[in-house]
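Engineer: A structural model of the following input is requested.
(one chain, ligands or ions: 2)
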Amino acid sequence: MYLEKLNPQQRMAVEHGTLTDGSHIAGPLLVIAGAGSGKTNTLAHRVAHLIVKGADPRRILLMTFSRRAAAEMARRVERICRNVLGSNAGVMADALAWSGTFHGIGARLLRDYAQQIGLDADFTIHDREDSADLINLIRHDLGFSKTESRFPAKGTCLAIYSRAVNSETALDQVLRDAFPWCAAWEKQLRELFACYVEAKQSQNVLDYDDLLLYWAQMVGESVIAEDIGSRFDHVLVDEYQDTNRLQASILMALKPQGQGLTVVGDDAQSIYSFRAATVRNILDFPAAFSPPANIVTLDRNYRSTQPILTAANAVIDLASERFTKNLWTERQSSERPRLVTVRDEAEQARYVADKVLDNREEGLKLKQQAVLFRASHHSGPLEVELTRRNIPFVKFGGLKFLDSAHVKDMLAALRFAQNPRDRVAGFRLMQILPGVGPSTAQKALDLMSEDASPLSALAAMPAPPRSGEDWTDFVSMLQEMKSGKAGWPAEIELARQWYAPHLERLHEDAATRQADLLQLEQIAGGYASRERFLTELTLDPPDATSDQAGVPLLDEDYLILSTIHSAKGQEWTRVFMLNVVDGCIPSDLAVGATAEIEEERRLLYVAMTRARDGLDLVVPQRFFTYGQNAQGDRHVYASRSRFIPATLLQFFEACSWPQVKSDAAAQAQARQVRIDVGARMRGMWR
Ligand code: ATP
Ligand code: MG
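Structural biologist: Ligands and ions are numbered 1, 2, ... in the order given. Model prediction:
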């Protein structure tokens, strides 16, 4: 029986309120516990248990922090249910239709209720880059970027805006607390944000923050809140420590008494405060209800060996504030985690590649190993080394397939067909055409925006002088797509055919890019409609090179490279952590406030607790930095991260690498390094 595998606390959480009858809806429940203690597993069991006891899976709302996590959860639930219900598993056919990220679920609900809240249901969603582009357009229009070169960059403007919205904090305070160097621009920023909001509304686009903001506004209306709340008997949230105030207020509006509400998290793993997540959500949860929510804590770790746990506990022990207790495990092992000193990042890359291959020779798949790092660019030298040695890898949390120019062009075409008021998409597309520059595109978009039927307005426009046929081809492609005649996903072919000659003209490596687009088509084929595809893709893009996309590499083996942020909730048999040095973790961008340093400490804790059997923390004595010192050197000498307490040094198996290597061997190795710099440089701009 599935319940027998659980420990008593886990079982309590799973059975909370369902002891007698599945239709009985329990009061609020908080599971707060350390890493690897089975929180996610418990949540999956709880969902399965509710279904086994008769709850309707279509009336369960399950929210996780990534689509990947949601899919994994659905898989676990289904497996348990199938085991228990056997052939009656038909109930699972449309199981968990409402499982996903906050943003994804928000987008679906907003479309459902669009009419009632004065929103056009055809809205498109801007990802962070699109949002920054729109802000940039407005910055230029307002003349801020021209007259004053020190006006904050588009990314900073967006970060400020986003922080204010998500933390529900006034602009002046956000500037004071988090962006003091931008405080002088408060007046201009205010104007910029006002225009930004107006632009989004007139173009019928929502950015990420809007999905939460509109959702929160929508459920602020009690009639709608009740209506949505009554669609779901159970609402469950994983990784609650990384939700922000808006998300908490949405939950409270949906379930004001907390009936059927379960949240799960670990305050020691709170790592998203830069997106205004607040650990207060989890700490304040119990008292938000009366009577207060039930609390279950878990303290047995099932993931890591005792030595790994001892090291992780020692790191988090020094945290200034913490609710969850130290973990224990029955998994004894004689293998200690390693602290590996290497000369520089190149050597770090060779070390990791060597060890990964050693492990594989001993029978461990690449997929069971992961390399983690604080910032996406830390893995650069390793990526080159892996490529050179033909070791396949995927990377989470870095530049993705979907961020490459040609894929963005295709997506813009789909988006513009969906919503011809989407200026960022239109602006991008029109400038693909020969003879169309920014001002022509602006003019065309202005004319479109004034018309009730923007596409007809576009069709009525004379083609710009040097782009006659290309212009008309473009317009007819859009019209054909908008008509919906081709159907989904066949219509992508229309966009691809339209784009093909431009791709040839614009890119040297058109053939590889064509292959990417074919792959995109395959991925798109897995979605029910254009709208669904665009929404989910913009919100949580699958990695086209990973098994998550369900395409080619399904059976292949590859190493995982991931930022710590993207590694949340996951586990691997062996974990390598790169650049465990001051300046990288804590990041030199965070050396200010104590709160930021504390978050960096929790990041290292999250990284270390991903490991099951083996953990290597690598310390290069020199590392590359984007700044440069007085001598113009971009390398800095590094020291071990301050988060590794001196008392722990004895405990680690300390090693330096290469232990002993003759000069001749080192030279031979140096000669062996052959990389295609040209390809890499071209790759940088893809
Ligand atoms: P994190 O804080 O990293 O999100 P978590 O608390 O969500 O971790 P899980 O990922 O659910 O922990 O579980 C960690 C590992 O422990 C998984 O491999 C899971 O299968 C295993 N596990 C959890 N509970 C038990 C149990 N009762 N018996 C055996 N294994 C368990
Ligand atoms: Mg988890």
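Engineer: What's the separation between the residue in the stretch 251-400 of the chain positioned nearest to ligand 2 and residue 38?
Structural biologist: In the stretch 251-400 of the chain, the residue that lies nearest ligand 2 is residue 264 (7.4 Å; CB to the ion). In short, each C-beta sits where N, CA and C put it, glycine included. From residue 264 over to residue 38 the distance is 10 Å, taken as CB to CB, to the nearest Å.
Engineer: Who has more neighbours out of the two?
Structural biologist: residue 264 (25 against 22; other CB atoms under 10 Å).
Engineer: That one against residue 240, yeah?
Structural biologist: Yes. Taking CB atoms under 8 Å as the definition, residue 264 is a contact partner of residue 240 at 6.0 Å.
Engineer: Quick check: neighbours shared by these two?
Structural biologist: Counting by CB atoms under 8 Å, 6 or more residues apart in numbering, the common neighbours of residue 264 and residue 240 are residue 30.
Engineer: Residue 28 and residue 252, how far apart?
Structural biologist: Taking CB to CB, one finds residue 28 at 10 Å from residue 252.
Engineer: swap that for residue 499, sorry
Structural biologist: 46 Å.
Engineer: Which one of those two is surrounded by more residues?
Structural biologist: residue 499 (23 against 17).
Engineer: and that one, what element?
Structural biologist: Secondary structure assignment for residue 499, by DSSP states H and E: helix 491-506.
Engineer: what residues does the protein put near ligand 2?
Structural biologist: 39, 40, 569 (CB under 5 Å from the ion).
Engineer: Now flag whichever of the residues you listed is closest to ligand 2.
Structural biologist: Distances from ligand 2 to these, taken by CB to the ion, are shortest for residue 40, at 3.2 Å.
Engineer: Averaged pLDDT, the one helix or strand that closest one maps to. What do you get?
Structural biologist: Using DSSP H and E, residue 40 falls within helix 39-52. Averaging pLDDT along helix 39-52 yields 94.
Engineer: which outside residues touch the helix or strand just after it?
Structural biologist: Of the helices and strands lying after helix 39-52 in sequence (DSSP H and E), the nearest is strand 60-64. With contact meaning CB under 8 Å, 6+ apart, strand 60-64 is reached by 43, 47, 50-51, 70, 73-74, 96, 98-102, 105, 231-239, 569.
Engineer: circling back to that earlier point, now for the helix holding residue 40, which elements pack on it?
Structural biologist: Packing partners of helix 39-52 (3 or more CB pairs under 8 Å, 6 or more residues apart in numbering; DSSP states H and E): helix 8-15, strand 29-33, strand 60-64, helix 67-85, strand 234-237, strand 261-265.
Engineer: run the last query once more with 10 Å
Structural biologist: Judged by 3 or more CB pairs under 10 Å, 6 or more residues apart in numbering; DSSP states H and E, helix 39-52 is in contact with helix 8-15, strand 29-33, strand 60-64, helix 67-85, strand 234-237, strand 261-265, strand 294-298.
Engineer: The lengthiest strand in the chain close to ligand 1?
Structural biologist: Assignment by DSSP state E gives strand 611-620 as the longest strand of the chain. No. Strand 611-620 lies out of reach of ligand 1 by CB under 6 Å from any ligand atom, never closer than 7.7 Å.
Engineer: partners of that strand in the sheet?
Structural biologist: strand 338-342 (parallel), strand 572-577 (parallel) (DSSP bridges).
Engineer: Are we agreed that residue 125 is in a helix?
Structural biologist: No. Applying DSSP: H, G, I helix; E, B strand; the rest coil, one finds residue 125 to be strand, outside a helix.
Engineer: okay, it: pLDDT?
Structural biologist: So residue 125 comes in at 91 (pLDDT).
Engineer: Under the pLDDT cut-off, which ranges of the stretch 301-450 of the chain? List them.
Structural biologist: 397-403 (pLDDT under 70).
Engineer: Cool, thanks, signing off.
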